[in-house]
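1. everything below, folded, please.
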Amino acid sequence: MRLEVLSAGPAFGNDPRASRRVTAYAGAVPDFVGLLRQLAALQPPLFVFGSVAETALLDGELSHSYGDVDVVIPRTELEWRLRQLALLGFDAFTVYYEPRPGLPLVYGSTRGDLALEVSLVDYGSAGNPFFVVRTDEGAVAISVPADAFRWPPTVVDGVAIHTLSPLALVHLRAGAFATGAFGPERPGKDDVAQARVIKTFFRNTDPERLRPTITRIGDCG
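-> Sure thing, here's the model as predicted:
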């Protein structure tokens, strides 16, 4: 298995929450592969996104990382999912990003040198999933494709990695770029990762299909 050291940046863009992340010390290699094995055993499955998902889907590998593991769940599952994660040693979650008062988007926790972030997806009245971020003009919803949680697991080294669908990954990154909610795009990193996913899964796809719908809150149901 290739060992890959990733930066401690967020899943998409430059994240002001970076100062909250675990500090890696010289020679330390957090056991993120072991954590992914534990997460894979949870039922129902937890879905990952960000670097972990892209590495699994594009390279068929798991990586030791100095960053974190990003998972996403419906907001309605938050309470019992946090109980599940507490049993794995992640028992003190902090709100990392709250685009709407009382409705956080991201929670984070650590276990030793391992960092885990939980992002929440909401659903409109018609059952359409979306994420909410804050822009200079206020909170907006970034649409998530219907197949987001339907992609089959990718098995790597005996670990079943449940990732968001490639289309959902593309939409999330495109939405982050378009809104600037997590800072400016990182040239040579974010754009390269996005291009790899598109080349692998959507080489001949209409570019319009790869763009999420971005709407002001109140128009996203």
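2. could you use CA atoms for every contact and neighbour count after this?
-> Will do.
3. I'd like the distance from residue 134 to residue 142, if you could.
-> In this structure, residue 134 and residue 142 are separated by 11 Å, where distance is defined by CA to CA, to the nearest Å.
4. between these two, who's got more neighbours?
-> More neighbours sit around residue 142 than around the other of residue 134 and residue 142, counting by other CA atoms under 10 Å; the figures are 27 against 18.
5. which element is the more buried one on?
-> Element membership for residue 142 (DSSP states H and E) is strand 138-143.
6. what lies in contact with the next helix or strand after that strand?
-> In the C-terminal direction, the helix or strand that comes right after strand 138-143 (DSSP H and E) is strand 154-156. Outside of strand 154-156, the residues that reach it under the criterion CA atoms under 8 Å, 6 or more residues apart in numbering are 56, 57, 60, 61, 62, 160, 161, 162, 163.
7. what sits against the third one?
-> The contact partners of residue 60, by CA under 8 Å, 6+ apart, come to 154, 155, 156.
8. mark which of those residues are buried, thanks.
-> Buried subset of those (neighbour count, 16 or more other CA atoms under 10 Å): residue 154.
9. let me know the closest of the contacts of residue 60 to residue 182.
-> residue 154 (28.0 Å; CA to CA).
10. distance of that closest one from residue 48?
-> When CA to CA is applied, the distance between residue 154 and residue 48 equals 11 Å.
11. please apply the same query to residue 95.
-> In terms of CA to CA, residue 95 sits 19 Å off from residue 48.
12. partner strands of the strand holding residue 142 and their direction?
-> Looking at strand 138-143 with DSSP bridges, its partner strands are strand 129-135 (antiparallel), strand 214-216 (antiparallel).
13. got the buried residues for the shortest one?
-> In terms of neighbour count (16+ other CA under 10 Å), strand 214-216 has its buried residues at 214, 215.
14. equivalent analysis for stretch 77-96, please.
-> For stretch 77-96, the buried set under the neighbour-count rule, 16+ other CA under 10 Å, comprises 78, 81, 82, 84, 85, 90, 93, 96.
15. got the contact list for that stretch?
-> With CA under 8 Å, 6+ apart as the test, stretch 77-96 has contacts from 17, 38, 42, 104-111, 116, 120.
16. who touches the residue nearest the centre of the chain in this structure?
-> For the chain, the residue nearest the mean C-alpha position is residue 49 (3.6 Å; CA atoms, centre = their mean). Taking CA under 8 Å, 6+ apart, we find residue 49 in contact with 11, 70, 71, 72, 163, 164, 169.
17. of these, which belong to helices?
-> residue 169 (DSSP state H).
18. re earlier: which one of the contacts of strand 154-156 is nearest residue 207?
-> Of all the contacts of strand 154-156, the one sitting nearest residue 207 is residue 57; the distance, using CA to CA, is 20.6 Å.
19. identify the residues contacting the closest one.
-> Contact analysis of residue 57 by CA under 8 Å, 6+ apart lists residue 154.
20. and for the nearest residue to residue 129 once chain neighbours are set aside, the neighbour number?
-> Nearest-residue entry for residue 129: residue 123, 4.3 Å, with adjacent residues in sequence omitted and distances by CA to CA, 6 or more residues apart in numbering. Other residues near residue 123 come to 17 when the count uses other CA under 10 Å.
21. just flag the most distant two among the contacts of stretch 77-96.
-> Of all pairs drawn from the contacts of stretch 77-96, the one with the largest separation by CA to CA is 17 and 42; the distance is 26.9 Å.
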